[in-house]
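Peer 1: Here is a sequence together with a model predicted from it:
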Amino acid sequence: MHELGIAFHISDSVEKIAIENNVKAVSRVTLEVGEVSTVIPDYLTDVWNWNRKRTQYLKDCELDIEIIKAVTYCEDCKKEYPTVEFGRICPYCKSEKTYLVTGNEINIKEIEVEDKDNGAS
């Protein structure tokens with residue numbers, strides 16, 4: 001279950017950002033998770049909910065996950081297509097000269113914090 005390592009890495013990164021920016025707490029983290037990244041969103045959420053309690057900055061922090069669609073590019077016909085539906089073989093020209101453009105990434109998209117003086121920001 002690599003979701004555990006991912007959750008630890010994200011929470012450690014977000015906590016470091018919170019400390020560097022002198023914020024009281026982080027209220028929400030939005031992640032972008034690629035459709036073919038092998039991350040199971042429900043597992044990641046479960047691990048996040050367990051892990052967030054380890055730190056004062058994330059104890060009430062919610063995790064939102066946005067899925068990035070997987071898109072593959074064909075070098076022969078120069079077209080893009082949905083990876084999950086068609087796989088590695090281009091549905092237009094049947095070429096195997098393809099590569100993944102998006103859909104394998106995991107990104108921290110947004111961090112919402114509670115400011116020391118102003119409440120949520």
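Peer 2: Structure's in. What do you need? Remember, predicted model here, so these are calculated numbers, not experimental data.

Peer 1: Only C-alpha atoms from now on, for both contacts and neighbour counts.
Peer 2: Fine.

Peer 1: ok, the residue nearest to residue 105 when sequence neighbours are not counted to residue 84 distance?
Peer 2: Counting by CA to CA, 6 or more residues apart in numbering, residue 34 is the residue found nearest to residue 105 once chain neighbours are left out, at 4.9 Å. From residue 34 across to residue 84, the span is 11 Å (CA to CA, to the nearest Å).

Peer 1: residues contacting the residue nearest to residue 105?
Peer 2: Going by CA atoms under 8 Å, 6 or more residues apart in numbering, residue 34 touches 67, 68, 69, 70, 102, 103, 104, 105, 106.

Peer 1: Swap in 7 Å and give it another go.
Peer 2: Applying CA atoms under 7 Å, 6 or more residues apart in numbering to residue 34 gives the contacts 67, 68, 69, 70, 103, 104, 105, 106.

Peer 1: Need these in TSV (columns: neighbour count).
Peer 2: Output for the contacts of residue 34, formatted as TSV (neighbours: other CA atoms under 10 Å):
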residue	neighbour count
67	16
68	19
69	17
70	21
103	22
104	18
105	16
106	19
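
Peer 1: shared neighbours of residue 34 and residue 84, which are they?
Peer 2: residue 70.

Peer 1: for the protein, what spans make up the helices?
Peer 2: Listed in chain order, the helices of the chain (DSSP state H) span residues 3-20, 41-51, 83-86.

Peer 1: and the last one, what other elements does it pack with?
Peer 2: Just to be clear, that refers to helix 83-86. The criterion is 3 or more CA pairs under 7 Å, 6 or more residues apart in numbering; DSSP states H and E, and there are no helices or strands that helix 83-86 contacts.
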